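Novice: Give me a model of this one.
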Amino acid sequence: MRLRVEFTTEPFDLEEAPAHAVAAREVIQKAQLDAVDVGPFGNTAEGEAGRVLDAVGALLRDCLESGATRVSLQVNVIGEGAP
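Specialist: Numbering: from 1, shown residues only. Here you go, the predicted structure:
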């Protein structure tokens, strides 16, 4: 099964990327996921379910430890096995 995760971290800082946003970017880049798109207001990545779920756990842990006050995410089944 393949999954797509979309997420944002807060608080926003339009001057420079806050530590929690940098932590999120590092987790996603290290997770060896496909179709990674990291932007200032939202991020997406796709991959095999196990890798995506492992990345989501690391993402939540690292972002919160780095000062995020809110992490919003959505996970969708894509491709094979999608409803």
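Novice: what helix or strand is the residue nearest the centre of the chain on?
Specialist: Against the mean C-alpha coordinate of the chain, by Cα atoms, centre = their mean, the closest residue is Phe7 at 5.0 Å. Taking DSSP states H and E as the criterion, Phe7 maps to strand 2-10.
Novice: Summarise which helices and strands that strand is packed against.
Specialist: helix 19-30, strand 43-48, helix 49-65, strand 70-78 (3 or more Cβ pairs under 8 Å, 6 or more residues apart in numbering; DSSP states H and E). The way it works is simple: take the backbone N, C-alpha and C, and place the C-beta from them, glycine included.
Novice: now that strand and helix 19-30, what's the angle there?
Specialist: Put simply, strand 2-10 runs at 160 degrees to helix 19-30, going by axes from the mean of the first three to the mean of the last three Cα atoms, to 10 degrees.
Novice: For strand 2-10, could you pull out the residues that count as buried?
Specialist: Arg2, Leu3, Arg4, Val5, Phe7, Thr8, Thr9 (16 or more other Cβ atoms under 10 Å).
Novice: then that strand to CSV, C-alphas only?
Specialist: Taking C-alpha atoms only, strand 2-10 is exported to CSV below (Å, rounded to 0.1, in the frame of the first residue of the first chain):
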residue,chain,number,x,y,z
ARG,A,2,1.2,3.5,-0.8
LEU,A,3,0.4,6.6,1.3
ARG,A,4,0.6,10.3,0.9
VAL,A,5,1.2,12.5,3.9
GLU,A,6,0.5,16.2,3.9
PHE,A,7,1.6,18.3,6.9
THR,A,8,2.2,21.8,8.3
THR,A,9,3.9,22.9,11.5
GLU,A,10,3.3,26.0,13.5
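Novice: For the nearest residue to the residue nearest to the centre of the chain once chain neighbours are set aside, grab the count of nearby residues.
Specialist: Leaving out its chain neighbours, the residue that sits closest to Phe7 by Cβ to Cβ, 6 or more residues apart in numbering is Leu73, at 3.9 Å. When counting by other Cβ atoms under 10 Å, one arrives at 15 neighbours for Leu73.
Novice: Leu73 contacts Leu3, doesn't it?
Specialist: No. With contacts counted by Cβ atoms under 8 Å, Leu73 stays clear of Leu3, the gap being 11.2 Å.
Novice: If anything else comes up later, I'll come back, but that's it for now.
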